[in-house]
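Novice: Okay, here's the prediction I keep looking at, along with the sequence it came from:
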Amino acid sequence: MTNIRLIPRLDIKGRHLIKGVHLEGLRKLGDPHQFAKRYYQQGADELLYMDAVASLYGRNSLTEIVRQTVRDIFIPITVGGGIRSAADAREILLSGADKVAINTAAILHPPLIEEIARHFGSQCMVLSIEAKRVADDRWEAYIDNGREKTGRDVVAWAQEAAARGAGEILLTSIDREGTRRGFDLELIRAVTQSVRIPVIASGGMGRVDHLAEAVRTGGASAVAMADILHYGRTTLPEIRESTAQLQIPTRKVAA
Amino acid sequence: MSRKVALMDYGAGNLLNVRHALEHLGADVELVNRPEQICAAKRLVLPGVGAFAKAIQQLEQRQMVTPLQEFAASGRPFLGICLGMQLMLDESDEFGTTAGLGIISGRVEAIPPTSTDGEPLNVPHVGWSAIYPSTDATWSGTPLETTSPGEDFYFVHSLVARPQQRSAIVAECCYGGHRLTAAIASGNCFGCQFHPEKSAAAGLKIIEHFLQMERTE
């Protein structure tokens, strides 16, 4: 089994790290760079920056934050929010990001996935899906940070995106996001069973055993975590210690 | 001791991040894209992500192929990263066969599409994987000098280097049951498939050792 990646997720509004519930009710937590640096030093495997209001305003304001980050943080960085074109993706990648995560623009214009995969490689094209449960075994994809429904079935959309060249899927459950109630395991499982690209589970991690479920039951390759870290309810070294006990392989980080 | 290093600037995607890592370690980085700059370099880093053929074309356009080969033969420290490492070999299978720099003999081939158990294998190989010395390889005297076998590094690749001489392989990782080349070396030329500039402290340590390497005769 390959190492499960632990990915702190930093949702950004303007210059601030924020956190909400169900992607709404955003609260300011501080300077994202300070959080990012702490997570890097504590052994994060990657970082995920999401511009929480970018698609609303039609722009991504993260390039400055990314430029600052890559000067002293040496792990892969994924950036999402407000990336509308291959030109936007290029700008983010040139500022030092390794991957871009795209939701709204991919839904509105699916060939963008192929275009980005062709120009920059599949490995840097992360499809971001915001999923809301609409029936026992059905989820609908949302855009604009969980505000707008699209009528698209999440599983069918994941399959289409993978076929178009997405290299990875960031799967956020709107229902669970910020609730600390654990991941939507059925959602994760439905997606991991229908595509052969890695799926990052996001939304709902309140305890380490939630991570274990996302991996074991859900089949996730990576786990994104936000408020469990931001509010200091646990730390990455503690999470690594627990995953080792639960026999979930993660990268070995020198103390 | 001089911390001067020349960084090949030919449009590679990871140039900026490699530069940041070098500067973070206190290196005096000079971006180079002209043959005479390579002649004068004390040590050289060849970064790279993306397609092999396009990278060779970019080097040819800048008339860098011969200077890079001469640099490699001069005994001065040479570090290739990811695609920069693959370029050191004779040729690559990516989108048809393309000739490389031929600094280390061997080929670059696709990662097998199935695991050794016959299961479909996800390609590219992306993520943190442990590296181990290949049979008989010693890490002493290479930038892996203080790396412990089993330390994890960040990989993103669809192709893998297959040097002709087994002795050129200094480190391997395991993916889908296959042993994939993780690092190669010949004389003062060293190449790593993983990204040391994205591998946190473990990666910075390798770059630091490279910065301490001196010319050998």
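Specialist: All right, it came through fine.
Novice: do the longest helix along chain B and chain A meet?
Specialist: When chain B is parsed with DSSP state H, its longest helix is helix B:200-212. Yes - using CB under 8 Å from any CB of the partner chain, we find that helix B:200-212 touches chain A at B:200-204. Bear in mind the C-beta positions are built from the backbone N, C-alpha and C, glycine included.
Novice: I'd like to know which of these are buried.
Specialist: Buried subset of these (neighbour count, 16 or more other CB atoms under 10 Å in any protein chain shown): B:200, B:202-204.
Novice: Closest to A:Asp137 out of those residues?
Specialist: Compare each of these with A:Asp137 using CB to CB and the shortest gap goes to B:Ala200, at 39.7 Å.
Novice: From A:Gln159, how far out is the closest one?
Specialist: 34 Å (CB to CB, to the nearest Å).
Novice: what does A:Cys124 give?
Specialist: For A:Cys124, the distance to A:Gln159 equals 20 Å [CB to CB].
Novice: For those two, indicate the residue with more neighbours.
Specialist: When A:Cys124 and A:Gln159 are compared for neighbours, A:Cys124 comes out ahead with 25 against 14, by other CB atoms under 10 Å in any protein chain shown.
Novice: for the closest residue to the more buried one other than its chain neighbours, which residues make a bridge with it?
Specialist: Sequence neighbours aside, A:Lys99 is the residue nearest to A:Cys124 in space, at 4.3 Å (criterion: CB to CB, 6 or more residues apart in numbering or on different chains). Counting by DSSP bridges, A:Lys99 is bridged to A:Thr78.
Novice: Neighbours of A:Lys99, how many?
Specialist: Neighbours of A:Lys99 using other CB under 10 Å come to 27.
Novice: what does A:Pro111 give?
Specialist: For A:Pro111, using other CB under 10 Å, the count is 9.
Novice: what sits against it?
Specialist: A:Pro111 makes contact with A:Arg164 under the criterion CB atoms under 8 Å, 6 or more residues apart in numbering or on different chains.
Novice: B:Leu180 touches B:Gln193, doesn't it?
Specialist: Yes - if you go by CB atoms under 8 Å, B:Leu180 and B:Gln193 touch, sitting 7.3 Å apart.
Novice: How about residue 72: what's its closest non-neighbour residue?
Specialist: By default, I'm working from chain A. Among residues not flanking A:Asp72 along the chain, B:His24 sits closest, at 6.2 Å (CB to CB, 6+ apart).
Novice: Sorry, I should have been clearer: chain B.
Specialist: B:Ala72's closest residue in space is B:Ile103 (CB to CB, 6+ apart), at 4.3 Å.
Novice: can I assume A:Pro40 is in contact with A:Ile77?
Specialist: Just so we're on the same page, residue A:40 is Tyr rather than Pro. No - using CB under 8 Å, A:Tyr40 makes no contact with A:Ile77, being 10.0 Å away.
Novice: Of those two, which one has the most company?
Specialist: A count of neighbours by other CB under 10 Å puts A:Ile77 above the other of A:Tyr40 and A:Ile77, at 26 against 21.
Novice: so that one makes contact with A:Arg67?
Specialist: No - A:Ile77 is beyond contact range of A:Arg67, at 10.7 Å (criterion: CB under 8 Å).
Novice: and for the two, which residues touch both?
Specialist: Here A:Ile77 and A:Arg67 have A:Gly96 as joint contacts, going by CB under 8 Å, 6+ apart.
Novice: Isn't the residue nearest to A:Asp72 up against A:Phe74?
Specialist: Yes - counting by CB under 8 Å, B:His24 touches A:Phe74, with 7.4 Å between them.
Novice: more neighbours, the two?
Specialist: For B:His24 versus A:Phe74, the count of surrounding residues by other CB under 10 Å is larger for A:Phe74: 24 against 16.
Novice: Show the contacting residues for the more buried one.
Specialist: If a contact means CB under 8 Å, 6+ apart, then A:Phe74 has A:40, B:17, B:20-21, B:24, B:197-200, B:203-204 as its contacts.
Novice: cool, and B:His209?
Specialist: By CB under 8 Å, 6+ apart, the residues touching B:His209 are B:142-146.
Novice: just for chain A, where's the confidence low?
Specialist: Applying pLDDT under 70 to chain A flags the ranges A:1, A:23, A:25, A:54-60, A:255.
Novice: State the number of residues packed around B:Thr146.
Specialist: By other CB under 10 Å, the residues close to B:Thr146 number 13.
Novice: ok, so what distance separates it from chain A?
Specialist: Distance of B:Thr146 to chain A, computed by CB to the nearest CB, to the nearest Å: 11 Å.
Novice: if I look at that residue, how far off is B:Met88?
Specialist: Distance from B:Thr146 to B:Met88, by CB to CB: 23 Å.
Novice: what's the single longest strand in chain B?
Specialist: Looking across chain B with DSSP state E, the single longest strand is strand B:178-186.
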